[in-house]
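1. predicted coordinates and the sequence they were generated for:
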Amino acid sequence: MRKQFLALFIGLFCLSAGMQAAKVDTLQVHSAAMNKDVKVLTIRPDKAVAGKKCPVIYLLHGYGGHAFTWIGIKPELPRIADREGIIFVCPDGKNSWYWDSPLNKDYRYETFVSKELVNYVDKNFATIADRSGRAITGLSMGGHGGMWLSIRHKDTFGGGGSMSGGLDIRPFPNNWEMKKQLGEEASNQQVWDEHTVINQLDKIKDGDLAIIIDCGCDDFFLDVNKAVHEKLLEKKISHDFTVRPGGHTGTYWHNAIDYQVLFFSKFFNKSK
C-alpha cells in the first residue's frame, strides 16, 4: 500500500511539475568517496535551463527523509525557483547527519554534499560557481547539516541555515541512529563534542557567513537552538534568529522555507 501511495504521489507530482516552467529532474550523482550513486532532486528555473547562471540553495532533509522530502513539503518550489531565479538541489542524505562518519566508510556525506555534489552541479548546470552564489539549509537533521557544512566549508557556501535543527546533538545520545555514526556517547564523548554544530562556531567570525536559524516554540530542539543563538551573540556574529509558533512538523517547515528563501535571495542579490 505504501509503495502504491508513493508511486501515485510521484506520478501526480511529475504531472504538476510538467505544468511549471522550472525543470524538475531526479538524478543519480556518483560519489567516489562512498563508491555509489546518490539520488538527487534538482529544480532549475527557466532562466537556468536557458543558460543564464543562477545561484543555488542546497536543501537537506531530516531523519527518515529522502531526496523527495522537500518537494513533498513545499510543492510550490518550482514556482519559487522561477520567481526568484534560484536552483534548488535536494540530495538523499540517508540518516547520515551529513557527517563523514568516523566509524562507517559508507557514510561520507560531508564529502559528498560539500565537494562531490557541488562540483557536479557546477559542471552540469548554469550556476554562479562561487560561494557568493551558494547557500545550504535544511530541516531537523538537515538543519544540523546546513550549519555543519556551511561552517566547515565557508569557502564553498556563502550562506548557511537551519529550520528546527538539531544544533547540539549531545542531549539526545540515543536518538535518530546517531550512535551508528559516532559510537555510544558515553564512551565517545570527544567524538560527540567534535561532531555537534554548537562546538563548530569557533571556526567562524562575523561576516564569514550569512546565517539564518529558526525554530518552532513547541519544538523539542528549541533549547539547543536558543543556545546556539546565545553563543553567536556572545561571539558578536551577525545572524537572523526567529522563534515562531509551531512544532517539529511539515506545516512549520512549509512556512519556514519561505523566510529562508527570502533571506538567501537578499544575500545573493547583495553579493552581486
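-> Thanks, I have the structure now.

2. show me what C54 is bridged to.
-> Beta-bridge partners for C54, by DSSP bridges, are T127.

3. look up the pLDDT of it for me, please.
-> In this model, C54 is scored at 97, pLDDT.

4. average pLDDT across the longest helix anywhere in the chain?
-> Longest helix in the chain, counting residues (DSSP state H): helix 250-271. Helix 250-271 shows a mean pLDDT of 96.

5. just give me how far that helix sits from the chain centre.
-> Averaging C-alpha positions (Cα atoms, centre = their mean, to the nearest Å) puts helix 250-271 12 Å from its chain's average.

6. who touches it?
-> Under the criterion Cβ atoms under 8 Å, 6 or more residues apart in numbering, residues 55, 57, 59, 70, 72-74, 80, 84, 86, 128, 132-133, 135, 137, 139, 158-159, 161, 163-164, 210, 212, 214, 216, 219, 240, 242, 244, 246 lie in contact with helix 250-271. All C-beta atoms are positioned from the backbone trio N, CA, C, and that covers glycine.

7. are any of these buried, and which?
-> Neighbour counting with 16 or more other Cβ atoms under 10 Å marks 55, 57, 59, 70, 73-74, 80, 84, 86, 128, 132-133, 135, 137, 139, 158-159, 161, 163-164, 210, 212, 214, 216, 219, 242, 246 as buried within the contacts of helix 250-271.

8. so which of those residues are in helices?
-> Among the buried ones among the contacts of helix 250-271, the members falling in helices (DSSP H) are W70, I73, I80, E84.

9. what about stretch 160-176, how long is it end to end?
-> Start and end residues of stretch 160-176 are separated by 23 Å (Cα to Cα, to the nearest Å).

10. mind listing what's buried in it?
-> So, applying 16+ other Cβ under 10 Å, buried residues of stretch 160-176: G160, G161, S162, M163, S164, G165, G166, L167, D168, I169, R170, W176.

11. okay, and which of those map to strands?
-> Using DSSP state E, G160, G161, S162, M163 are the members of those that sit in strands.

12. low-confidence regions, this protein specifically.
-> 1-20 (pLDDT under 70).

13. so which residues of it form strands?
-> For the chain, the strands defined by DSSP E occupy 23-31, 36-44, 56-60, 87-91, 134-138, 159-163, 210-216, 240-244.

14. name the helices or strands packed onto the last one?
-> Read that as strand 240-244. Under the contact criterion of 3 or more Cβ pairs under 8 Å, 6 or more residues apart in numbering; DSSP states H and E, strand 240-244 touches strand 210-216, helix 222-234, helix 250-271.

15. tell me which of the ones you listed lies nearest to A21.
-> Closest to A21 of the helices and strands packed on strand 240-244 is helix 250-271 (Cβ to Cβ; 17.4 Å).

16. can you list the buried residues in that closest one?
-> Under the neighbour-count criterion of 16+ other Cβ under 10 Å, helix 250-271 has 252-253, 255-257, 259-261, 263-265, 267-268, 271 buried.

17. as PDB, could you dump the C-alpha coordinates of that helix?
-> C-alpha atoms of helix 250-271 as PDB (Å, rounded to 0.1, in the frame of the first residue of the first chain):
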ATOM      1  CA  GLY A 250       5.800  19.700   7.900                       C
ATOM      2  CA  THR A 251       3.300  22.500   8.400                       C
ATOM      3  CA  TYR A 252       6.000  24.500  10.200                       C
ATOM      4  CA  TRP A 253       8.700  23.800   7.500                       C
ATOM      5  CA  HIS A 254       6.200  24.700   4.700                       C
ATOM      6  CA  ASN A 255       6.000  28.100   6.200                       C
ATOM      7  CA  ALA A 256       9.700  28.500   7.300                       C
ATOM      8  CA  ILE A 257      11.200  27.800   3.900                       C
ATOM      9  CA  ASP A 258       9.600  31.000   2.500                       C
ATOM     10  CA  TYR A 259      11.600  33.100   5.000                       C
ATOM     11  CA  GLN A 260      14.800  31.200   4.400                       C
ATOM     12  CA  VAL A 261      14.500  31.700   0.600                       C
ATOM     13  CA  LEU A 262      13.900  35.400   1.100                       C
ATOM     14  CA  PHE A 263      16.900  35.700   3.400                       C
ATOM     15  CA  PHE A 264      19.200  33.900   0.900                       C
ATOM     16  CA  SER A 265      17.700  35.800  -2.100                       C
ATOM     17  CA  LYS A 266      18.800  39.000  -0.300                       C
ATOM     18  CA  PHE A 267      22.300  37.500   0.200                       C
ATOM     19  CA  PHE A 268      22.600  36.500  -3.400                       C
ATOM     20  CA  ASN A 269      21.500  40.000  -4.600                       C
ATOM     21  CA  LYS A 270      23.800  41.700  -2.200                       C
ATOM     22  CA  SER A 271      26.700  39.600  -3.400                       C
END
